[in-house]
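Peer 1: Give me the fold of what follows.
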Amino acid sequence: MRNEPQGNAFAVIDVKRHSPRMTQADQYRSRSADLTAKARTETDPTVKAEYEALALGYRRLAEQADRNSQTDIVYETPRRPPGVPPQQPRPGESDE
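Peer 2: Reported below is the predicted structural model:
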């Protein structure tokens with residue numbers, strides 16, 4: 001277990017539970033579930049609201065991670081428009 005900074009909105013998080021075999025989205029969902037459980041037992045309304053907000057953030061991250069895992073992103077250097085000269089190397093940089 002790892003101790004996070006102790007304050008109103010931080011708690012001890014069991015990092016072993018978040019296995020490296022889990023997808024990033026599953027790790028976010030697990031963290032969201034942990035925070036939702038903490039919110040349910042919290043009596044301080046301010047801290048409870050923070051846990052709920054963090055849980056929502058992790059749910060949104062999980063949804064985004066799911067979308068990202070289904071997308072192949074390939075970067076291709078754009079072609080230089082006609083009439084635009086090649087970029088000159090910076091002083092001290094070699095072209096090799």
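
Peer 1: Spatially, which residue comes closest to E63, not counting chain neighbours?
Peer 2: Leaving aside its chain neighbours, E63 sits nearest to A25 (7.7 Å; criterion: C-beta to C-beta, 6 or more residues apart in numbering). C-beta here means a position set from N, CA and C on the backbone, and glycine is covered the same way.

Peer 1: what's the spacing between the one you found and P86?
Peer 2: 42 Å (C-beta to C-beta, to the nearest Å).

Peer 1: Give me the below-cutoff pLDDT ranges for the protein.
Peer 2: 1-20, 93-96 (pLDDT under 70).

Peer 1: could you show me where the strands are in it, in order?
Peer 2: For the chain, the strands defined by DSSP state E occupy 2-3, 12-13.

Peer 1: Going by neighbour count, list what's buried in the lengthiest helix in the chain.
Peer 2: Taking DSSP state H as the criterion, the chain has its longest helix at helix 45-69. Of the residues in helix 45-69, V47, K48, E50, Y51, E52, L54, A55, Y58, R59, L61, A62, A65 count as buried by neighbour count, 16 or more other C-beta atoms under 10 Å.

Peer 1: which one of those is nearest R29?
Peer 2: Proximity of those to R29 (C-beta to C-beta) peaks at A62, which lies at 4.6 Å.

Peer 1: isn't that closest one right next to S30, touching?
Peer 2: No. Taking contacts as C-beta atoms under 8 Å, A62 lies outside contact range of S30: 9.0 Å.

Peer 1: The residue nearest in space to the middle of the chain - nearest residue in space that isn't next to it in sequence?
Peer 2: Residue closest to the mean C-alpha point of the chain, counted by C-alpha atoms, centre = their mean, is L61 at 6.1 Å. Spatial nearest neighbour of L61, excluding adjacent residues (C-beta to C-beta, 6+ apart): Y28 at 4.4 Å.

Peer 1: Lovely, talk soon.
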